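In: Using only what follows, build the 3D model:
(chains A, B, C, D, E and F)
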There are 4 protein chains.
Amino acid sequence: MAEKAENSGKAQKSRNVERPEQSEAKAPDSSRRSERSRRAIYDAALALVGEAGYGRTTIEGIAARAGVGKQTIYRWWPSKAEVLLEAFLERGDRAAASDPALPDTGDLEADLKQVLRATVDELTDPGFEAPYRALAAEGVIDPDLGAQFARKLLEPGLQLYVHRLRAAQDAGQVDPDIDARTAVELLVGPLTHRWLLRTLPLTHAYADSLVEYALRGIAVR
Amino acid sequence: MAEKAENSGKAQKSRNVERPEQSEAKAPDSSRRSERSRRAIYDAALALVGEAGYGRTTIEGIAARAGVGKQTIYRWWPSKAEVLLEAFLERGDRAAASDPALPDTGDLEADLKQVLRATVDELTDPGFEAPYRALAAEGVIDPDLGAQFARKLLEPGLQLYVHRLRAAQDAGQVDPDIDARTAVELLVGPLTHRWLLRTLPLTHAYADSLVEYALRGIAVR
Amino acid sequence: MAEKAENSGKAQKSRNVERPEQSEAKAPDSSRRSERSRRAIYDAALALVGEAGYGRTTIEGIAARAGVGKQTIYRWWPSKAEVLLEAFLERGDRAAASDPALPDTGDLEADLKQVLRATVDELTDPGFEAPYRALAAEGVIDPDLGAQFARKLLEPGLQLYVHRLRAAQDAGQVDPDIDARTAVELLVGPLTHRWLLRTLPLTHAYADSLVEYALRGIAVR
Amino acid sequence: MAEKAENSGKAQKSRNVERPEQSEAKAPDSSRRSERSRRAIYDAALALVGEAGYGRTTIEGIAARAGVGKQTIYRWWPSKAEVLLEAFLERGDRAAASDPALPDTGDLEADLKQVLRATVDELTDPGFEAPYRALAAEGVIDPDLGAQFARKLLEPGLQLYVHRLRAAQDAGQVDPDIDARTAVELLVGPLTHRWLLRTLPLTHAYADSLVEYALRGIAVR
DNA sequence: GGCTAATCGAGACGGTACGTCCTGTCTTTGC
DNA sequence: GCAAAGACAGGACGTACCGTCTCGATTAGCC
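Out: Next up, the predicted model:
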């Protein structure tokens, strides 16, 4: 506990990192930004969250570990959470780029089971879990950050499922009247539910059951 | 964001709220506890979380608003999150007690749609949402609190669904080989997913779709 | 150089250390004040000013050296300068108490020469000089502090001279029409001038000359 | 209070403003110096010290107000105090040049009273007082700056008094055995004392008294 | 009259200290 | 002996400046 001052409301979020040309007040000049510092901050942030947890990770701590002045963090990010989000995206882009699509062997059930099992493994991987949980939790509270979290981190992954299901619909394996997006959530929603809320253990068997039940729900009648 | 010092790990300090008699060091005598202060603290905590958000709610603030010494809070709760959890339980017990079971009209689909729609309404009710989100987020990060959150707040509700589904199985409306618990998560998982992660709006139509898809998945073949 | 934020204008000076009963806003309860911390802060402040100079002495440094939280300093003093002023007074009270009057051997010139020579020695004593200069300089800039400096530190000493001169007037050694106070300043003004402004070295010979010239100026005609 | 980092000691850094040709490292080429910037900096420095006080005047503030880069200040001056000192000298040179000698009507007492009264007026003139006090205070703490302050600002003025007194000695109005320099300090020392240390108000009447007492002290016997 | 080198405005950088806020502990006083 | 009150050591917050460094863009002074 013991959070000090939620920045919600300050709202200079998403300031000008992406659109530096239209700022009204006092935008830093991103063309002169130190790439070295940016990377060092990402590394320090991810490392500290992994070691100490989100709540015990401080901006001062990140700055010190990165060998950077505090102002360099405050200049470019509006909050600790956004530092972590960008750090995560930077890392995630590589992962996403390396495997841009879900497998399609023609056997939808086998493909989905494989992917959901892999997701279970990822969500229980210690190195991945800590910062991801931290971000998710922060997004639960802060609508602004939550929206970014969903859009930048979650949606790209969900769209892969949507494409795979549409392919299955085209192949006549899934009811064409089904909304693919809702069907995707039928799969990943329960998984996320167990992971976030810790109601029951997250296992491969559970992943398999979900695929089976969900596919029955969306099968061609 | 901007939480200061996560209590993660510190939380399992004494836990003598529930078992004050076996404590090792110096348990306060709960028989002399001020009921007046306890209630005032709950009220203040819920009010402040609603007004300022979880992160901007402080123990000092709760104490001041409740007209109570800080030590009175530290004496009886190990963390800000647990104060809020108990405050919520206190309030929720009344709600749960007032309506202890899901409706059973014989029409499973109609019953579930009604309940899920009501859940959607509850999750988007401003007075309810703020502290509930705060607790959920805290539980996402803190395994200890998360376990309590799941056990005390979530499970009782989920069990109502399980009972209703078992009744439907007994009535031959649902495949008897289906695991009722997993089926429940097929319903509430996606709902929770949208609520927590804000991927898409949470609507009655979505609740209806979930019921339809899920029921097809668990229907008698 | 590089002073950061002069407190002039903030003006919550002389808050309630002396009159804790009439405060309007949020006066700390001085009856519960830690004597231990107070003394440690005085010691640390004087030591640091002596070692590093006034400008390089920081509140954080004083707090750290005294083993005290910063807030304990901010709670009781409005500025670094006032900490030092009180530290100095605490020390000075003992000195003043030990020798409450100027010598009176009947020979005014000899008495004054002795006292002024002693003053020269004091003003050039390294341990005494650093904090005294620091306070004087701060008082030069800050009218509020300067007034306190004059009233609490300077005036008591000047009054000793006034009494001695009045005794000399009563003894017929000094023109009774002379204003004793002005005569005192004729003696100590030039001394202070050389010390503060460093125009020329401060020596016993200079002290003697001042006494001679000044006594000629106020002698019985 | 709240000065941040006194530059004491750092001040003798390069001093290449006056001797740019012998520097060891990399002296800036003063022939290419921007006169425009130099004046703008002086103006900004004096204005800010007058408006906000010495402690709240920052190098960044001077640069911003002067429309100048920070480095332009750091390139040519070793400290904030020296900027102010030079700004003052620039202004003072004009004043000194316009009236290079004390009046000599033959009536020493009248001449001195006139000059001391004028000094009193100057020292209480708001526009003059703020930066002059600031410099004096800085010189009280920083020996290096204090020496410059005395040599460049004070001594020229004091020498005018010395010359006038020597003239009076030659005219047989003052004891020829008196040290003129000490006699000058007998006059201006007490005045400065009251001004710097704020013991009592600085008035024309006080100036007159000082002249009278001092002249009696140095009169021909 | 073009070349070149240094100064210029600008401002990002690694730092330090600020003064505030809150933590969790401890002590005093009253009930 | 719990409670209200609040002082305490500690530590992070976000801000303000420090003095250094690095960017183009003038702008000399020398060819």
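
In: hmm, stretch A:69-79 in reach of DNA strand E?
Out: Yes: for stretch A:69-79, a contact with DNA strand E is found by CB under 7 Å from any atom of the strand, at A:G69, A:K70, A:Q71, A:T72, A:R75, A:W76. Placement of C-beta: from N, CA and C, glycine included.

In: Can you lay out those residues as JSON lines showing distance to chain B?
Out: Output for the residues of stretch A:69-79 next to DNA strand E, formatted as JSON lines (distance: CB to the nearest CB, whole Å):
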{"residue": "A:G69", "distance to chain B": "19"}
{"residue": "A:K70", "distance to chain B": "13"}
{"residue": "A:Q71", "distance to chain B": "16"}
{"residue": "A:T72", "distance to chain B": "17"}
{"residue": "A:R75", "distance to chain B": "16"}
{"residue": "A:W76", "distance to chain B": "15"}
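
In: and of the residues you listed, the nearest to B:Q148?
Out: A:K70 (35.6 Å; CB to CB).

In: Rounded mean pLDDT for the one helix or strand A:L85 maps to, please.
Out: In the assignment (DSSP states H and E), A:L85 maps to helix A:80-98. The average pLDDT for helix A:80-98 rounds to 81.

In: With stretch A:130-141 instead?
Out: In the prediction, stretch A:130-141 has an average pLDDT of 93.

In: And that stretch, how far out from the chain middle?
Out: Relative to its parent chain, stretch A:130-141 has a centroid offset of 9 Å by CA atoms, centre = their mean, to the nearest Å.

In: With just CA atoms, put it into CSV.
Out: In CSV, the C-alpha atoms belonging to stretch A:130-141 read as follows (Å, rounded to 0.1, in the frame of the first residue of the first chain):
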residue,chain,number,x,y,z
ALA,A,130,6.0,-8.9,-12.3
PRO,A,131,6.1,-5.9,-14.6
TYR,A,132,3.1,-7.1,-16.6
ARG,A,133,1.0,-7.5,-13.4
ALA,A,134,2.2,-4.1,-12.2
LEU,A,135,1.1,-2.4,-15.5
ALA,A,136,-2.2,-4.2,-15.6
ALA,A,137,-2.9,-3.2,-12.0
GLU,A,138,-2.0,0.4,-12.7
GLY,A,139,-4.3,0.3,-15.7
VAL,A,140,-7.1,-1.1,-13.6
ILE,A,141,-7.0,2.1,-11.5
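
In: Is any residue of that stretch near DNA strand F?
Out: No: contact of stretch A:130-141 with DNA strand F (CB under 7 Å from any atom of the strand) is absent, the minimum separation being 13.0 Å.

In: Just want the residue of chain A that's nearest chain D.
Out: A:K26 (12.4 Å; CB to the nearest CB).

In: Tell me the first helix or strand C-terminal of the worst-scoring helix or strand of chain A on mean pLDDT.
Out: Lowest mean confidence among the helices and strands of chain A (mean pLDDT, DSSP states H and E): helix A:80-98, at a mean of 81. With elements assigned by DSSP H and E, the helix or strand that comes after helix A:80-98 is helix A:108-123.

In: Helix or strand next in line after that following helix, which one?
Out: Counting by DSSP H and E, the element after helix A:108-123 in chain order, helix or strand, is helix A:126-141.

In: and chain A, what are its domains?
Out: A:34-84, A:101-218 (automatic domain parsing).

In: Stretch A:168-183 and chain B, are they touching?
Out: Yes: Stretch A:168-183 is in contact with chain B by CB under 8 Å from any CB of the partner chain, via A:I178, A:D179, A:R181, A:T182, A:A183.

In: Mark which of these are buried, thanks.
Out: Buried members of the residues of stretch A:168-183 next to chain B, scored by 16 or more other CB atoms under 10 Å in any protein chain shown, are A:I178, A:R181, A:T182, A:A183.

In: that's a helix at the second one, yeah?
Out: Yes: secondary structure of A:R181, determined by DSSP: H, G, I helix; E, B strand; the rest coil: located in a helix.

In: Look up how far A:V83 lies from the spatially most central residue of chain A.
Out: Centroid check for chain A by CA atoms, centre = their mean gives A:L153 as the closest residue, at 3.6 Å. Applying CB to CB, to the nearest Å, the value for A:L153 to A:V83 is 15 Å.

In: D:P126: which of the buried ones among the residues of stretch A:168-183 next to chain B is nearest?
Out: Checking these one by one against D:P126 (CB to CB), the nearest turns out to be A:R181, at 72.9 Å.

In: Which residue is the nearest non-sequential neighbour of that closest one?
Out: Distances taken as CB to CB, 6 or more residues apart in numbering or on different chains put A:V162 closest to A:R181, at 5.8 Å, once the chain neighbours are dropped.

In: Just the element for that neighbour, please.
Out: helix A:155-170.

In: relative to helix A:108-123, how tilted is that helix?
Out: Per axes from the mean of the first three to the mean of the last three CA atoms, to 10 degrees, the angle that helix A:155-170 makes with helix A:108-123 is 170 degrees.

In: hang on, the earlier thing: dump the residues of stretch A:168-183 next to chain B to CSV, plus pLDDT.
Out: Output for the residues of stretch A:168-183 next to chain B, formatted as CSV (pLDDT from 0 to 100):
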residue, pLDDT
A:I178, 95
A:D179, 96
A:R181, 97
A:T182, 97
A:A183, 97
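
In: between the residues you listed, which is nearest DNA strand E?
Out: Here the nearest of these to DNA strand E, counting by CB to the nearest atom of the strand, is A:R181; it sits at 40.3 Å.

In: Touching, that closest one and A:Q159? I think so.
Out: No: using CB atoms under 8 Å, A:R181 makes no contact with A:Q159, being 9.1 Å away.

In: Show me the shaky parts of chain A.
Out: Within chain A, the ranges that satisfy pLDDT under 70 run A:1-25, A:93-99.

In: List, one by one, the residues from chain A near DNA strand E.
Out: Contacts of chain A with DNA strand E, taken as CB under 7 Å from any atom of the strand, map to A:1-2, A:4-5, A:28-29, A:32-34, A:36-37, A:40, A:67-72, A:75-76.

In: which of these come close to chain C?
Out: Near chain C, taking CB under 8 Å from any CB as the test, no member of those is found.

In: Which members of those occur in helices, if any?
Out: Among the residues of chain A next to DNA strand E, the ones falling in helices (DSSP state H) are A:R36, A:S37, A:A40, A:K70, A:Q71, A:T72, A:R75, A:W76.

In: possible to save those as CSV with neighbour count and distance to chain D?
Out: Below are those laid out as CSV (neighbours: other CB atoms under 10 Å in any protein chain shown; distance: CB to the nearest CB, whole Å):
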residue, neighbour count, distance to chain D
A:R36, 11, 22
A:S37, 18, 20
A:A40, 18, 25
A:K70, 13, 16
A:Q71, 9, 13
A:T72, 18, 17
A:R75, 14, 16
A:W76, 20, 20
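
In: hmm, which two among the residues you listed are most spread apart?
Out: Comparing every pair within those by CB to CB identifies A:R36 and A:K70 as the most remote, at 16.6 Å.

In: What are the phi and psi values at whichever residue of chain A sits closest to chain B?
Out: Residue of chain A nearest chain B, by CB to the nearest CB: A:G55 (1.6 Å). With angles defined as degrees, to the nearest 10, A:G55 sits at phi -60, psi -30.

In: Repeat that for A:V174.
Out: For A:V174, the backbone dihedrals are phi -130, psi 140 (criterion: degrees, to the nearest 10).

In: what about the closest residue to it other than its chain neighbours, neighbour count?
Out: Residue nearest to A:V174 in three dimensions, not counting chain neighbours: A:A168, with 4.4 Å by CB to CB, 6+ apart. Number of residues near A:A168 (other CB atoms under 10 Å in any protein chain shown) recorded here: 27.

In: go on, A:L200?
Out: 15.

In: How about the one 10 residues further on?
Out: Burial measure for A:L210: 25 neighbouring residues, criterion other CB under 10 Å.

In: Over to the one 3 residues further on?
Out: Residues lying near A:Y213 (other CB under 10 Å) number 24.
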